[in-house]
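Sequence first, then the predicted structure:
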Amino acid sequence: MPNLPDVVLWSIPAFVLLTVIEVISVRIHPDDDAAGYETKDAATSVGMGLGSLAFDFLWKIPIVAIYTAVHELTPLRVPVLWWTIPLMLLAQDFFYYWSHRGHHVIRILWACHVVHHSSRRFNLTTALRQPWTTLTVWPFYVPLVALGVHPAALAFCSSANLVYQFWIHTERIGKLPRAFEFVFNTPSHHRVHHASQGGYLDRNFGGILIVWDRLFGSFVEETERPVYGLTKNIGTFNPLRVATHEYVSIARDLKRASGWGERAGRVFRGPGWQPAQPPERAAAAEQDAAAGRGAAAVEETVA
């Protein structure tokens, strides 16, 4: 197959230039803390990005082996031509949508992806805050390889998708023309995705295109200012803790779990899942809450 360029490598100068422009823009026209830069936060994001390059190189060894085996077994072949590359990009973006959505609604996958959402600021360095455990991503693209897409072509499409998403991590760009906003992922759509308030949670999963969210019911328009970060922020700039904190939380929950059903739920259900309480425990909790409300009312009356 033809040699495809390393789009990430070629884009590094653009990443640096755009970040410098954003920093200057923030300094000249400061908005608020979320849009601005904090040295420790930006350094953590860059450090996570550099670490992800090293770990991704390690994970590529088994992943490429699996993809190559699948590609050898399938009789299908998609040639790399000027007109097939856009089709492969479209297909990769479709599978990216489901991978991204899965990494938000299944806790063990969220433990990988949560890294990218852990900053309470939203700027171009946030795009570099990438996880170190992306071994969880490869199963979502097996169908694409089974359909005859060469693993190298898939790598090219995935890199192009990643590069596209760099520029949408900013508050310095408002809403774009309506036609563009309807089809493509934009800073406005991605600000919603990184927000932590209820109406914005688990929305706008698209990579290059936002049409997948419109088709599958996960789209939300940006109407109010997003609050960035996690619903429970971790309060650390330590890259190792950023990379592993949710895995640690899962391990802690598994240790406390009362049975295999709860253990399965802690791993494979949503990040906020809690086991149903037995009726007697739920009643006791409600009585405790009622007693607490009553005591508070008495204290307020006395005061």
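Now that the structure is in, tell me what you want to look at.

switch to C-alpha atoms for all contacts and neighbour counts from now on
OK.

How about the contacts made by T231?
T231 makes contacts with 196-197, as judged by CA atoms under 8 Å, 6 or more residues apart in numbering.

For this protein, give me the ranges with low pLDDT.
For the chain, residues meeting the criterion pLDDT under 70 lie at 1-2, 31-35, 278-303.

Would you quantify the distance from the residue lying closest to R120 once chain neighbours are set aside to F122?
Using CA to CA, 6 or more residues apart in numbering and skipping the chain neighbours, the partner closest in space to R120 is G229 (4.2 Å). With the distance defined as CA to CA, to the nearest Å, G229 ends up 9 Å from F122.

quick one: which of the two has more around it?
F122 (27 against 21; other CA atoms under 10 Å).

from what I can see that one touches P226, true?
No. Between F122 and P226 there is no contact under CA atoms under 8 Å: 9.7 Å.

Between these two, which contacts overlap?
Common contacts of F122 and P226 (CA under 8 Å, 6+ apart): R191.

Go ahead and name everything in contact with stretch 70-86.
1-2, 142, 145-151, 153.

Oops, could you answer that again for stretch 251-266 instead?
Defining contact as CA under 8 Å, 6+ apart, one finds that stretch 251-266 is touched by 107, 250, 273-275.

Please apply the same query to stretch 5-24.
36-37, 123-125, 156, 159-160, 162-163, 166, 172.

repeat for stretch 184-201
With CA under 8 Å, 6+ apart, stretch 184-201 has contacts from 117, 122, 167-171, 173-176, 202-211, 220-222, 226-231.

Buried ones only from these, please, as a ChimeraX command.
Command for ChimeraX that selects the buried part of the contacts of stretch 184-201, burial taken from 16 or more other CA atoms under 10 Å:
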select :117,122,167,168,169,170,171,202,203,204,205,206,207,208,209,210,211,220,222,226,227,228,229,230
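
and stretch 4-11, which residues are buried?
7-8.

ok now that stretch, how far from the chain's centre?
Its chain's average C-alpha position is 22 Å from that of stretch 4-11, according to CA atoms, centre = their mean, to the nearest Å.

starting at the chain centroid, how far to the longest helix seen in the chain?
Counting residues, the longest helix found in the chain (DSSP state H) is helix 39-73. Chain-centre distance of helix 39-73: 15 Å, with CA atoms, centre = their mean.

tell me which residues of the helix or strand following that helix are tucked away?
Next in sequence after helix 39-73, counting helices and strands by DSSP states H and E, comes helix 84-105. Neighbour-count burial for helix 84-105 flags 85, 88-105 (criterion: 16+ other CA under 10 Å).

got it, and stretch 109-123?
Buried-residue list, stretch 109-123, by 16+ other CA under 10 Å: 109-123.

Can I get it in PDB, CA atoms only?
This file holds the C-alpha atoms of stretch 109-123, laid out as PDB (Å, rounded to 0.1, in the frame of the first residue of the first chain):
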ATOM      1  CA  LEU A 109     -13.300   2.200  29.900                       C
ATOM      2  CA  TRP A 110     -14.000   5.600  31.600                       C
ATOM      3  CA  ALA A 111     -11.000   4.900  33.800                       C
ATOM      4  CA  CYS A 112      -8.900   5.300  30.700                       C
ATOM      5  CA  HIS A 113     -10.700   8.300  29.200                       C
ATOM      6  CA  VAL A 114     -11.300  10.200  32.400                       C
ATOM      7  CA  VAL A 115      -7.800  11.500  32.100                       C
ATOM      8  CA  HIS A 116      -8.700  13.700  29.200                       C
ATOM      9  CA  HIS A 117     -11.600  15.300  31.200                       C
ATOM     10  CA  SER A 118      -9.600  15.900  34.500                       C
ATOM     11  CA  SER A 119      -8.500  19.500  33.800                       C
ATOM     12  CA  ARG A 120     -10.800  22.200  35.200                       C
ATOM     13  CA  ARG A 121      -9.500  24.500  32.400                       C
ATOM     14  CA  PHE A 122     -10.200  24.400  28.700                       C
ATOM     15  CA  ASN A 123      -7.500  25.400  26.400                       C
END
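
what's near enough to touch the residue nearest the centre of the chain?
Central residue of the chain (CA atoms, centre = their mean): H113, 4.8 Å from the mean position. Taking CA under 8 Å, 6+ apart as the criterion, H113 is in contact with 103-104, 130-131.

Tell me which two in the residues you listed are the farthest apart.
Greatest spacing in the contacts of H113, by CA to CA: H104 and Q130 (14.7 Å).

Checking my notes, T236 in a strand, right?
No. Going by DSSP: H, G, I helix; E, B strand; the rest coil, the assignment for T236 is coil, not a strand.

so it sits right up against A243, yeah?
No. Using CA under 8 Å, T236 is not in contact with A243; the gap is 10.8 Å.
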